[in-house]
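[1] Just a sequence and a predicted model for now, questions to come.
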Amino acid sequence: MNVELVLEALREAFPTEALEPRAVPVDETFVPLPPDCVHPAVRILIERFGLRHLSTITGEDTGSEIVLLYHLWHGRGLTLRAVLPRDGAHIATLTDLIPGAAFYEREVSEMLGVTFDGHPDPGTLLLPDNWDGEPPLRQQRGGVQ
Amino acid sequence: MSRMTIPIGPQHPALKEPVSFLLTVEGERIVESALRIGYVHRGLERILQNRNYVQNVHVAERVCGICSHAHTTAYCQGVEALLGLDVSPRALYLRTLLCELERIHSHLLWVGVLAEHIGFTTIFMYAWRDREIALDIMEELSGGRVAHAVNVIGGVRIDVSQAQVHAILARLDELERQIGTFLDVIRHERTFQARTRGVGHLSAEQVRRYCVVGPVARASGVDVDMRRDAPYAAYDRLSFQVITADEGDVWARAMVRALETVESLHMCRQLLIGLPDGAPSLFKKGHSDGAPSLFKKGHSDGALAARAPRRVPPGEAVSRCEAPRGELIYYIRSDGSDRPARIKIRTPTLTTLMTLPDQLRDIHTADVPAVLAGVDLCIACADR
Amino acid sequence: MISEENVLELTSILFAILIFPGFGFLFVCALGFQWIDRWVVAHLQGRIGPPWFQPLADFIKLMAKEDMLPIGAHERACALLPMVSLAAVLTVALYVPVGGHVVGAFEGDLIVVLVLLSLPAVAYFLAGWLSASVFSVVGGSRALLQYFAYEVPFLMALSGPAILSGSWSISRIAALQSQTVWMVLVQPVGFLLAFVGLIGKLKRSPFDIPKAKSEIGAGPLTEFSGRKLALWHLSLHTKTVVGIFLLVDVFLGGSGGSPTIWGALTFGAKSLLILLALSVAGVLYARLRIDQLTHVGWRVLAPLALLQILFVIWIGA
């Protein structure tokens, strides 16, 4: 995958966004995007570059916001980074483009309380059916000294 | 014909780990299936946030029993990237050697499990007996059969002497002869073929849609292997083949894994024969040839493990590794303290789990164990 | 008036039924054959196998265990079924000569034996049906399908020697072979079919589909435990013994005509040979699927059996 060509295509598609890619070990490029640009960006990557492999979706609660990382791979790593507000976090689902995103989105949704609009089979993945507590990975750092 | 619901799991003789399939059956055919995981979810990602980087090596090792070394490899690589540490060539070779030995033992375990599930107990017994050879080698190298604790941040904690190298090479020869038996059975034995050919078929398109990785993907013709495509550890210095097949059924997966075991054997030989010299190790002042003695403060350049600081500077790293079941990815974010801010693990079994509803549709009930065994589920990995 | 001879006759009949060649002897043989089978299979698989008293220990342990059934199962029927199965097998044993000794024989006892030997299969299926668990019901229906696949070739294969000997009494068929020639030499196909049919009847690998552990728990017997399960296992192992004896008598000439030590030894050797063959056959193959088995049964075994019968009728004429 030629990272330069990909970045150029993304800049073309989203001229109003200032895309500031940065290199991340090991051989990965992080591209920040607004949340509603993630779905169209992935569509461009699939249609123009044949990039279809989504390794996983990482979610993190930094205390002030929720960060979603879409780790894609096509010979080299490309990660799309979207930032969501802590309250009412929601983003369009990728399952219509990449069905393999289903489990990853379910896990992020149950662990961080993010809603993926249009997910065909929402529900808990790893947590018990009767879980009624806080999403476990929300910011409450405590634990072992 | 009326429908019946057969529960496979969470406890079932066909399953090694708890996972639940509710199969709706009409006669002897399955109409639909519902999958439920999470029975061994231990909240490890949360635990990893609450411990420091050194403790996390041991936590990462316990994500899974069979692919423990792959997890610590991916984790240590990520942290080493964040620290900007250079790992010595000898340490990389030893790390890779354990990776390949683990692949051998995992694939042999799997051959046995598949055989047991289709009623071929003899091959199960033979496979697990031969797996003992690989386990004995790993025990001699590291002191543990499945939990090796070989990786440390900055390198490895073991060393191997010339005498040990020769002994291990002899045993690898023995193992290669035994693996020849399995290859014969998989290729020629008629009842094995009757139970595995055409069962659990996945097309290359389905594999790409679900982002499947590992031998399951390679058996459907999708040529992807992190060892060749994103080389890590010592893989850029090894010559090996990536095995693929076209049939996409359980038989193809058996062939792919069996041939991969042979490739791993060849790689182990390359690693042992081409082991670079190590300078005085961290563990024993002066000699590079002896077995590790009691821990002593010593040199760190060229040593088997570079000194790693406790605090990791802020940054992010994405580390990929080819576990026995496929691509294993670790995302690590550090915030400058001695504990990681976020570690995300995605294990290969999660991808193959997504294909199971497709594979279990419209098949014989009797093919269910073969299908489940064919995807080599490691639920502890998937649940974390 | 009860005379001394009557008393002696009564005692000898009781001895024959209860000790030898009856229930006591069969019990010992069931345990012994089971141990030999497990020992041979273990060594073929690179293991050591259990000690000689293991089958007895298993039996005693099961008899002492708690016995429970799920809600919805027919308690009384489930208690009776293993006893029916065992009773059928033991009745069959009365007519199958062991080393020349037999408790009772009459013209046509082969047919009675074959009918009685089907009873355990019916009991097995009913056990699955009546014990109200998903796994056992599926196992039961598979057992029935499997039964139809092998029973017809088995019956036809065993009829061959009867037609050729002109008698339907097992003792007579066995005795005749010592004067003429072993049946296996005249109808090898028939012997093979009977052997394969026996594997199916005993639900041994590769025909252990009804109790395929990795698919449906333990099939029809999933919900049985304790004393009931001990009796099921006993009936299965006694059926193994009786089945082997039947094959030896019908195809391999029984005890060779002499009811002495020499005859007993030859009989024992032939039985062990068949047992060995059963063990080896079990180790060599993967388990077939039920549709593959019915395919083999109806399209391969049954036509072969038919051909064998026609051949026998032709040379008999």
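    Structure's in. What do you need? Residues are numbered from 1 along each chain as shown, chains lettered A, B, ... in the order given.

[2] Now the residue nearest to the spatial centre of chain B, what are its backbone angles?
    In chain B, the centroid-proximal residue (C-alpha atoms, centre = their mean) is B:Pro324; its distance is 2.8 Å. The phi and psi values for B:Pro324, taken as degrees, to the nearest 10, are phi -50, psi -30.

[3] ok, now which ones touch the closest residue to it other than its chain neighbours?
    Closest residue to B:Pro324 apart from its sequence neighbours, by C-beta to C-beta, 6 or more residues apart in numbering or on different chains: B:Ser106 at 3.7 Å. (Glycine included, C-beta is placed from N, CA and C.) Counting by C-beta atoms under 8 Å, 6 or more residues apart in numbering or on different chains, B:Ser106 touches B:66-67, B:324-325.

[4] Of those residues, just say which sits nearest to chain A.
    Chain A lies nearest to B:Arg325 out of the contacts of B:Ser106, by C-beta to the nearest C-beta, at 14.1 Å.

[5] Three-state assignment for A:Phe30, please.
    Classification of A:Phe30 by DSSP: H, G, I helix; E, B strand; the rest coil places it in strand.

[6] ok, now how distant is it from A:Ile46?
    Relative to A:Ile46, A:Phe30 is positioned 19 Å away (C-beta to C-beta, to the nearest Å).

[7] Pick out whichever of these two has more residues nearby.
    Comparing A:Phe30 with A:Ile46 by other C-beta atoms under 10 Å in any protein chain shown, the one with more neighbours is A:Phe30, at 18 against 15.

[8] Could you check the pLDDT of that one?
    For A:Phe30, the pLDDT comes out at 88.

[9] contacting residues around it?
    A:21-24, A:69, A:79, A:81, B:316.

[10] biggest separation within the contacts of B:Ser106, which pair?
    Using C-beta to C-beta, these span at most 8.6 Å, a distance reached by B:Ile66 and B:Arg325.

[11] residues bridging contact with these two, i.e. touching both?
    The overlap between the contact sets of B:Ile66 and B:Arg325 (C-beta under 8 Å, 6+ apart) consists of B:106, B:378.

[12] what's the neighbour count on the residue of the stretch 1-150 of chain C found nearest chain A?
    Nearest residue of the stretch 1-150 of chain C to chain A: C:Val134, at 21.6 Å (C-beta to the nearest C-beta). When neighbours are counted by other C-beta under 10 Å, C:Val134 registers 16.

[13] Just give the nearest non-adjacent residue to it, would you?
    Closest to C:Val134 by C-beta to C-beta, 6+ apart is B:Ile6, at 5.2 Å.

[14] returning to that earlier point: can you check what pLDDT the model gives the residue nearest to B:Pro324?
    In this model, B:Ser106 is scored at 92, pLDDT.

[15] Please confirm that it is located within a strand.
    No. Using three-state DSSP, the assignment for B:Ser106 is helix, not a strand.

[16] How much space separates it from B:Val146?
    To B:Val146, B:Ser106 is 10 Å away according to C-beta to C-beta.

[17] and what of C:Tyr124?
    Counting by C-beta to C-beta, the gap from C:Tyr124 to B:Val146 is 41 Å.

[18] ok, those two, which is more surrounded?
    More neighbours surround C:Tyr124 than the other of C:Tyr124 and B:Val146, with 27 against 18 (other C-beta under 10 Å).

[19] Okay, now the unreliable bits of the stretch 151-300 of chain C?
    The model of the stretch 151-300 of chain C has pLDDT under 70 over residues C:209-218, C:256-259.

[20] all strands of it, in order?
    Read by DSSP state E, counting those that start in this stretch, the stretch 151-300 of chain C holds no strands at all.

[21] in it, which spans are helices?
    C:170-179, C:183-186, C:188-201, C:213-216, C:226-251, C:261-284, C:290-296 (DSSP state H, counting those that start in this stretch).

[22] What is the distance between the first one and the centre of its chain?
    Right, the one you point to is helix C:170-179. Averaging C-alpha positions (C-alpha atoms, centre = their mean, to the nearest Å) puts helix C:170-179 20 Å from its chain's average.

[23] C:Gly128 against C:Trp232, yeah?
    No. In this structure, C:Gly128 is not within contact of C:Trp232 by C-beta atoms under 8 Å, at 11.6 Å.

[24] Common neighbours of these two, please.
    By C-beta under 8 Å, 6+ apart, C:Gly128 and C:Trp232 have these common neighbours: C:Leu221.
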